[in-house]
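[1] Got a predicted model here, sequence first, then my questions.
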Amino acid sequence: MFSDSPPAVTVLMPVYNAAGLLRQDASALEAAVHSVLCQQFHSFELLAVDDGSTDGTAGVLHRLAAQDQRMRVLHVSHGGIVSALNAGLAAARGRYIARMDADDICHPHRLTLQAAHLDSHPETGLVACRVRFAGDRAACGGYARYVDWTNTLLSSQDIALGRFRESPFAHPSVMFRASTVHAHGAYADGPFPEDYELWLRWLECGVRMAKLPQTLLDWYDPPTRLSRTHGNYGTDNFYRLKTRYLARWLAARNPHHPHVTVIGAGRTSRRRAALLREHGIVIDRWIDVDPRKIGNVVDGARVHGRDALPEAGRGFSLAYLAGHGAAEELVPFLESTGRRNGTDFLLAS
């Protein structure tokens with residue numbers, strides 16, 4: 001039986017048709033559950049939400065729950081990850097919610113360290129951790145580089161400024177306050193990644209977020225991962241979501257609003273930046289280092305070289321750079337000229 005006192009943490013794990021997912025001939029689901037139940041933190045519950053599975057998932061979950069009273073199973077009709085997550089949030093008993101997926105592995109100190117951070121930082125609404133990419137780096141280099149990038153975002157400022165490049169967290173690595181959900185809303189359903197929308201919305205509302213420097217989760221990359229298979233996670237939907245929040249950020253933070261300079265005049269950069277116009281943003285000029293592009297006119301704005309970048313305080317620049325490592329080369333150059341990230345420029349891809 002559960003204690004009358006609620007646990008400090010609810011580990012929320014949505015599960016759908018995971019009974020047959022194997023890793024090295026062992027059950028990935030059982031390994032994920034075991035990694036939670038072996039936490040050195042004591043005051044937690046593991047809430048597994050079975051999203052209407054049609055395989056043997058329910059039986060596996062009930063067998064595991066019968067072995068440990070800290071685990072309970074919630075069955076819902078199949079409605080997708082958002083409805084499963086929100087059903088779990090409604091049933092959660094903890095003051096903190098730790099996300100977990102059914103194919104990842106928690107390190108033993110994860111809950112201890114994240115809960116301690118929230119306990120000692122009442123101004124912080126969400127804390128994540130670094131993760132280990134547990135997929136095939138040779139076959140999935142892009143995903144691996146994304147994980148490496150997220151692991152560089154530790155401070156609240158870096159997370160806030162980096163949020164318009166990519167989602168700053170691995171979803172199953174976060175722990176947040178249940179009160180944050182009550183204040184700013186749960187997961188939203190729509191043609192977008194549900195976790196990224198939540199981070200953007202909460203950050204827009206002023207929720208402070210942080211990331212621990214410790215690596216506390218092994219993040220696997222199976223071919224069935226929703227971000228690889230579901231249309232909500234497609235590139236176009238990702239950029240439309242991001243642009244909507246970016247446009248509102250610019251309206252509040254860009255002293256030259258609605259005017260911006262866009263760094264990057266390649267085909268991909270132009271297509272992504274053009275979404276800004278749907279929100280009333282005016283692109284004054286394009287900046288590129290390719291001499292073949294300089295002098296061209298794109299949608300009424302001329303392409304210039306770097307010497308045409310607005311000086312600090314005289315304009316705002318958005319960088320849409322598709323090339324790997326291009327943004328990391330651009331930032332030191334801009335900062336060496338007195339321009340400040342978040343004040344004079346921002347990385348948007």
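    Thanks, I have it. Residues are numbered from 1 along each chain as shown.
[2] residue ranges for the helices of this protein, please.
    For the chain, helices defined by DSSP state H occupy the ranges 28-37, 57-66, 81-91, 110-120, 141-150, 156-162, 178-184, 194-204, 226-229, 235-253, 267-273, 326-336.
[3] Ranked by average pLDDT, which of the ones you listed falls at the bottom?
    Mean pLDDT is lowest for helix 226-229 among the helices of the chain, at a mean of 52.
[4] Now tabulate the helices of the chain in JSON lines and tack on distance to V131 and mean neighbour count.
    Where you see a C-beta, it was placed from the backbone N, CA and C, and this is true even at glycine. Shown next, in JSON lines, are the helices of the chain (distance: least, C-beta to C-beta, whole Å; neighbours: other C-beta atoms under 10 Å):
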{"stretch": "helix 28-37", "distance to V131": "13", "mean neighbour count": "21"}
{"stretch": "helix 57-66", "distance to V131": "24", "mean neighbour count": "17"}
{"stretch": "helix 81-91", "distance to V131": "19", "mean neighbour count": "20"}
{"stretch": "helix 110-120", "distance to V131": "10", "mean neighbour count": "18"}
{"stretch": "helix 141-150", "distance to V131": "6", "mean neighbour count": "15"}
{"stretch": "helix 156-162", "distance to V131": "15", "mean neighbour count": "17"}
{"stretch": "helix 178-184", "distance to V131": "21", "mean neighbour count": "15"}
{"stretch": "helix 194-204", "distance to V131": "14", "mean neighbour count": "21"}
{"stretch": "helix 226-229", "distance to V131": "14", "mean neighbour count": "14"}
{"stretch": "helix 235-253", "distance to V131": "20", "mean neighbour count": "17"}
{"stretch": "helix 267-273", "distance to V131": "26", "mean neighbour count": "18"}
{"stretch": "helix 326-336", "distance to V131": "20", "mean neighbour count": "14"}
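[5] what sits up against the longest strand seen in the chain?
    Across the chain, the longest stretch assigned as strand under DSSP state E is strand 208-219. For strand 208-219, the surrounding residues in contact (C-beta atoms under 8 Å, 6 or more residues apart in numbering) are 104-107, 109-110, 113-114, 117, 121, 123-135, 147, 151, 153-156, 159-160, 168-170, 172-173, 199, 202-203.
[6] now stretch 325-336
    Here stretch 325-336 has contacts from 165, 263-264, 306, 309, 317, 319, 321, 341, 344-345, 347, 349, using C-beta under 8 Å, 6+ apart.
[7] how does it look with 10 Å?
    Applying C-beta atoms under 10 Å, 6 or more residues apart in numbering, the set of residues contacting stretch 325-336 from outside is 145, 149, 152, 162, 165, 263-264, 269, 289, 306, 309, 312, 317, 319-321, 323, 339-341, 344-345, 347-349.
[8] What's the PyMOL line that selects buried ones from those?
    To isolate in PyMOL the members of the contacts of stretch 325-336 that are buried, counting by 16 or more other C-beta atoms under 10 Å, one can use:
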select buried, resi 162+165+263+264+269+309+317+319+320+321+339+341+344+345+347+348+349
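[9] Tally up the residues packed near L21, please.
    A count of nearby residues for L21, using other C-beta atoms under 10 Å, gives 20.
[10] Tell me the spacing between it and D55.
    L21 is 10 Å from D55, where distance means C-beta to C-beta, to the nearest Å.
[11] In contact with A128, which residues?
    The neighbourhood of A128, defined by C-beta under 10 Å, 6+ apart, consists of 99, 114, 117, 150, 153-154, 159, 168-176, 199, 209-212, 216-217.
[12] quick one on the thing from earlier: what are the C-alpha coordinates of the longest strand of the chain, in PDB please?
    Presented in PDB, the C-alpha positions along strand 208-219 are these (Å, rounded to 0.1, in the frame of the first residue of the first chain):
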ATOM      1  CA  ARG A 208      13.800  29.600 -15.000                       C
ATOM      2  CA  MET A 209      15.400  26.400 -16.300                       C
ATOM      3  CA  ALA A 210      18.800  24.900 -15.500                       C
ATOM      4  CA  LYS A 211      20.800  21.800 -16.300                       C
ATOM      5  CA  LEU A 212      23.100  19.800 -14.100                       C
ATOM      6  CA  PRO A 213      26.600  19.200 -15.300                       C
ATOM      7  CA  GLN A 214      26.400  15.500 -14.400                       C
ATOM      8  CA  THR A 215      25.500  12.900 -17.000                       C
ATOM      9  CA  LEU A 216      22.500  11.100 -15.400                       C
ATOM     10  CA  LEU A 217      20.600   9.500 -18.300                       C
ATOM     11  CA  ASP A 218      21.500   7.200 -21.200                       C
ATOM     12  CA  TRP A 219      19.300   8.400 -24.100                       C
END
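[13] relative to helix 194-204, how tilted is it?
    160 degrees (axes from the mean of the first three to the mean of the last three C-alpha atoms, to 10 degrees).
[14] Strand 208-219 pairs with which strands, parallel or anti?
    According to DSSP bridges, strand 208-219 forms sheet pairs with strand 105-106 (antiparallel), strand 124-133 (parallel).
[15] would you turn these into a markdown table with distance to G80 and mean pLDDT?
    Converted to a markdown table, these look like this (distance: least, C-beta to C-beta, whole Å; pLDDT from 0 to 100):
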| stretch | distance to G80 | mean pLDDT |
| --- | --- | --- |
| strand 105-106 | 24 | 98 |
| strand 124-133 | 23 | 98 |
